[in-house]
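Chemist: predicted model and sequence follow; I will ask about them next.
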Amino acid sequence: MTLAEFGAPTSPPEVPSELISELRTIVGDRGWTSDPADLEPQLRDWVGYARGATPIMVMPKNASEVAAVVKACVAAGVPIVPQGGNTGSVAGAIPQGEILVSLRRMNRIRDIDAADYTVTVDAGVVLAEVQAAANEVDRFFPLSIGSEGSCTIGGNVSTNAGGTAVLRYGNMRDLVLGLEVVLPDGRVWDGLRRLRKDNTGYALKHLFMGAEGTLGIVTGAVLRLFPKPVEVATAFVALRDLDASIELLSLLRVATGDALSSLEVMPRIGIEIAREFDPEVVDPLSERHDWYAIVEVSGTKADGQTESTLEVALGEAVERGILVDATIAASTMQAKSIWRIRKSLVLNLPKVGAEVKHDVAVPVSKQPEFIRRATAAVEETVPGTRAVAYGHFGDGNVHFNLCAPLGMDASTFTARAADLHRAVYDIAAEYGGSFAAEHGIGIVKRSEMKRYRSPVEIDLMRQFKALLDPDGLFNPGKVLP
Ligand code: MLT
Ligand code: ZN
């Protein structure tokens, strides 16, 4: 589908040439580009929905420059789209003719404090660099997502990113202590407090997290750090059936003293897809099974207990009939090889044929029932659809992604995307679920807001938007229906 089909604006805004000159002056020679070759990768998203447009990408190097850019654009009545690593799945950072403000040159780690367990960073720092900086001072920054080598902290904050360690450490929202934000009126809100407790009125920072740049541009953040796990035990297990995933979760949380950091479930077809396109993927178990999980337990003490605790817990799960087989990685290499199955599945799924994605959340215990019902519903909608339901089962977050039936061409399948979405999201809604668990709304899911969020919620969101951005110049056409 094209962005216009998702309801994106079709005619680009008028951008006066005086504004372009002013922006160039603000950010200096190295702070802007209009070269189509530079812009091209910033104007398409990796999922393939978006082909964007912009007259200029500016790359301010600090919050004051961002504020000056904002003031100039607002004075000229020209809209702005902020962008970090451009790794989103819902076209939330793709401009449609607006000024593109890239935060990538704001890439400084401003301060790291091991005693306070905090790191203060510019919004454009790449997530993997924050993880590495924490590691250097014997600390741990737990956010872990497939795109961590290129996504940025500002994007992680603005989409409230999730990933594979939410079960133990929470979403990005839980990892942020303070924020610095450039507001649509050009003021800089300095909320970079590194406090664990701060009940001083409304929690303003939470407004900007998950707002996808529609209320302001996040330029800096104070993040929480954790003790560094020095022992990590990783296992690949075969589940008795899908319901066993929930029994396993319950058992492991207790048996490991809540040291379970990941529980990722995937079906057999997931391994087959990973192996078909990635020769380095190996099936860790000798027999074939319908459902598998990757389990990770981590400990901050180097006493050899982490692996033995997992071993005992998995033994109990086998005895109780929850698992039919299991293997624990004997080395870091083997652990990497287990995680490679998960990564390859996600990267290669689009190659199987057209992919129709769903990033759904339901209450943890309802995931098996949801998957069974949604699988039947998509089969009824487009017979032969191959459902690949995998994801962060510790969080109730199912990536219910669909591949075209064998022999059906991509465009015939994606033409039915709206019907497939309806079937899946309606079932999630019955469980009090969400149609956007961790990827956000962007342009792609904007129209779903009206159906699945109440008029009261939408009205409140519109009021916040009108208060902060009365002219609607911040990331227009995103998030709000
Ligand atoms: C993941 O968990 O790897 C991604 O969120 C999956 C996806 O993009 O569908
Ligand atoms: Zn995910």
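Modeler: Received it, and whenever you're ready, just let me know what you need. Ligands and ions are numbered 1, 2, ... in the order given.
Chemist: how near is V456 to R462?
Modeler: 11 Å (C-beta to C-beta, to the nearest Å). For the C-beta atoms, the positions are set from N, CA and C on the backbone; glycine is no exception.
Chemist: ok, those two, which is more surrounded?
Modeler: R462 (12 against 8; other C-beta atoms under 10 Å).
Chemist: the more buried one sits in which helix or strand?
Modeler: Here R462 sits within helix 455-468, counting by DSSP states H and E.
Chemist: what mean pLDDT does that helix have?
Modeler: Helix 455-468 carries an average pLDDT of 98.
Chemist: over to stretch 117-124?
Modeler: Taken as a whole, stretch 117-124 has a mean pLDDT of 98.
Chemist: what do you get for stretch 331-343?
Modeler: So the average pLDDT for stretch 331-343 ends up being 98.
Chemist: buried residues in that stretch?
Modeler: For stretch 331-343, a neighbour-count test (16 or more other C-beta atoms under 10 Å) marks A335, S337, I338, W339, I341, R342 as buried.
Chemist: can you list the residues of the stretch 201-350 of the chain near ligand 1?
Modeler: V346 (C-beta under 6 Å from any ligand atom).
Chemist: name the residue of the stretch 201-350 of the chain that lies nearest to ligand 1.
Modeler: V346 (4.2 Å; C-beta to the nearest ligand atom).
Chemist: list the contacts of the helix or strand hosting that residue.
Modeler: V346 is part of helix 332-348, with elements assigned from DSSP H and E. Residues from elsewhere that reach helix 332-348 (C-beta atoms under 8 Å, 6 or more residues apart in numbering): 146, 164, 232, 234-236, 264, 266, 270-271, 273-274, 276-278, 280-282, 284, 294, 329, 388, 390, 399.
Chemist: pLDDT below threshold where in this structure?
Modeler: The chain contains residues with pLDDT under 70 at 1-5, 7-10.
Chemist: is it correct that E129 is in contact with I109?
Modeler: Yes. Shown here, E129 and I109 form a contact pair, counting by C-beta atoms under 8 Å, at 7.2 Å.
Chemist: in the helix or strand containing E379, what counts as buried?
Modeler: Using DSSP H and E, E379 sits in helix 367-381. Of the residues in helix 367-381, Q367, P368, E369, F370, I371, R373, A374, T375, A377, V378, T381 count as buried by neighbour count, 16+ other C-beta under 10 Å.
Chemist: same check, this time on stretch 257-270
Modeler: So for stretch 257-270, counting by 16+ other C-beta under 10 Å, buried means A259, L260, S261, S262, L263, E264, V265, M266, P267, I269, G270.
Chemist: with secondary structure as added columns, please give those in TSV.
Modeler: Listed next are the buried residues of stretch 257-270 as TSV, based on DSSP: H, G, I helix; E, B strand; the rest coil:
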residue	secondary structure
A259	coil
L260	strand
S261	strand
S262	strand
L263	strand
E264	strand
V265	strand
M266	strand
P267	strand
I269	helix
G270	helix
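Chemist: among the residues you listed, which two are most distant?
Modeler: Farthest pair in these (C-beta to C-beta) is A259 and I269. Separation: 30.6 Å.
Chemist: and for the residue of the stretch 1-150 of the chain found nearest ligand 1, nearest residue in space, chain neighbours not counted?
Modeler: Nearest residue of the stretch 1-150 of the chain to ligand 1 (C-beta to the nearest ligand atom) works out as G146 at 4.6 Å. Closest residue to G146 apart from its sequence neighbours, by C-beta to C-beta, 6 or more residues apart in numbering: V346 at 5.8 Å.
Chemist: next one: L183
Modeler: G216 (4.9 Å).
Chemist: isn't the one you found up against N475?
Modeler: No. Between G216 and N475 there is no contact under C-beta under 8 Å: 9.9 Å.
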